[in-house]
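[1] coords please:
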Amino acid sequence: MLLARRPLLLLALPATTQALPPGVNRRDGVALRGFDTVALFTESRPRQGGVAWHFVSAETLSRFQAQPEAFAPAFGGFCAFGVARGYKVDIDPEAWHIRADRLYLNYDREVQRQWLRDIPGYITAAEANWPRLMAS
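    Below you'll find the model as predicted:
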């Protein structure tokens, strides 16, 4: 017997583009290339989500709405390694890492391997660079 697949529920915060803080990495008004930031925390895997911030379920949307600062990626969703080196660069949503309840994204998996060699040092450098980069 074949079971019909349920369609993926795509939800978005109303007016999320306006609600995104300054410096958030977005392409065509979409953060994290449409991947669900909450699913990285709750399911330990990237899940494609719907507009601005995308979510795979009403539950992840609700969790994000309740605590957007807890689930939003560090450094506006730009590559954390790039920010540590002093520049903004796009990311691959599948090159992610959660440390101390913060989501860090990287340009690709090769860059992520470099990031993993000294996460505390790169975080310190990125935090020092971020105020300047966020304003640019």
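[2] do you know how far the closest residue to Trp115 other than its chain neighbours is from Ala128?
    Excluding the flanking residues, the one nearest Trp115 by CB to CB, 6 or more residues apart in numbering is Phe81, at 4.5 Å. Any C-beta I mention is one placed from the backbone N, CA and C, and that applies to glycine too. The gap separating Phe81 from Ala128 is 14 Å, by CB to CB, to the nearest Å.
[3] neighbour-wise, which of these two wins?
    Between Phe81 and Ala128, counting by other CB atoms under 10 Å, Phe81 is the more crowded of the two (28 against 12).
[4] does that one really touch Leu105, like I thought?
    No - Phe81 is beyond contact range of Leu105, at 9.3 Å (criterion: CB atoms under 8 Å).
[5] my guess is Pro46 is in a strand, correct?
    No - applying DSSP: H, G, I helix; E, B strand; the rest coil, one finds Pro46 to be coil, outside a strand.
[6] who are the neighbours in contact with it?
    Residues near Pro46 by CB atoms under 8 Å, 6 or more residues apart in numbering: Phe35, Asp36, Ala39, Leu40, Pro93, Glu94, Trp96.
[7] go again using 7 Å as the cut-off
    Counting by CB atoms under 7 Å, 6 or more residues apart in numbering, Pro46 touches Phe35, Leu40, Pro93, Glu94, Trp96.
[8] Please apply the same query to Leu40.
    By CB under 7 Å, 6+ apart, Leu40 lies in contact with Pro46, Trp96, Ile98, Leu103.
[9] which secondary element of the chain has the worst mean pLDDT?
    In the chain, the helix or strand scored least confidently by mean pLDDT, DSSP states H and E is helix 16-19, which has a mean of 44.
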